[in-house]
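Novice: Predicted model and sequence follow; I will ask about them next.
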Amino acid sequence: MSKLHVPFAVADITTLARSLREQLGKLDHSPSHVEMLNMLARANGHANFQHLRADAQAQSRLSTTPPEERVDHARVEKVLRHFDEAGTMIRWPSKTNHQTLCLWVIWSRIPADQRFSEREMNQFINESHSFGDHALLRRSMIDAHMLTRTPDGRLYRRIEKKPDPDALALLASIAQRVSA
């Protein structure tokens, strides 16, 4: 039997903290694991942990949509700093996971299902950044399996795949910034 994961989210963390402080203040001992679960459940508006778990199970059975993938908003905000108000990448991040996220922006600007010469691909890349190193970006996109090229390096094509949730959030933030 697999372990049931019980999701826990609160609308207001200050209310949760206040409720936990009040409940802990009434105890004269350190709470056990079950007591702590019950406190968290009560702080979230449930009678106890069993009620919270039953609610989560029922919600899971009734839900027909797949669970939403989480976005690392802090990461997206940090990566967004590498783009100007026009959505142009102004510098190459030092962190690899930030670099990959930046590449999704360039990838999204390359037309799908078309082959391009190296010169044409460089033009797409140059229109998306301002620091003058299209070769670095092109190689990085090939290494990240976002682009493919023929063995002789004459033709390039965008590889179609779904960006991860952070990349989608970054693309939405840049689009919002550009349209504002």
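Specialist: Arrived safely, thanks for sending.

Novice: Residue 52 touches residue 46, doesn't it?
Specialist: Yes: the pair formed by residue 52 and residue 46 meets the contact definition of CB atoms under 8 Å, at 4.3 Å. Any C-beta I mention is one placed from the backbone N, CA and C, and that applies to glycine too.

Novice: So between these two, which is more surrounded?
Specialist: A side-by-side neighbour count of residue 52 and residue 46, using other CB atoms under 10 Å, places residue 52 first with 21 against 17.

Novice: quick one: contacts for that one?
Specialist: Residues near residue 52 by CB atoms under 8 Å, 6 or more residues apart in numbering: 6, 8, 40, 41, 44, 46.

Novice: Pick the one among those closest to residue 118.
Specialist: The closest of the contacts of residue 52 to residue 118 turns out to be residue 8 (CB to CB; 51.2 Å).

Novice: would the closest one count as being in a helix?
Specialist: No: counting by DSSP: H, G, I helix; E, B strand; the rest coil, residue 8 is not part of a helix but coil.

Novice: from what I can see it touches residue 40, true?
Specialist: Yes: between residue 8 and residue 40 a contact is recorded at 6.7 Å, counting by CB under 8 Å.

Novice: Buried among the contacts of residue 52? Make that a ChimeraX selection.
Specialist: Burial among those is assessed by 16 or more other CB atoms under 10 Å; the matching ChimeraX selection reads:
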select :6,40,41,44,46
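
Novice: Among the contacts of residue 52, find me the one that's closest to residue 82.
Specialist: So of those, ranked by how close each gets to residue 82 (CB to CB), first place is residue 8, at 33.7 Å.

Novice: how far away is that closest one from residue 129?
Specialist: 41 Å (CB to CB, to the nearest Å).

Novice: ok so, going back, ok, of the contacts of residue 52, which one's closest to residue 156?
Specialist: Of these, the one sitting nearest to residue 156 (CB to CB) turns out to be residue 8, at 46.2 Å.

Novice: pLDDT weak spots in the protein?
Specialist: 1-3, 64-67 (pLDDT under 70).
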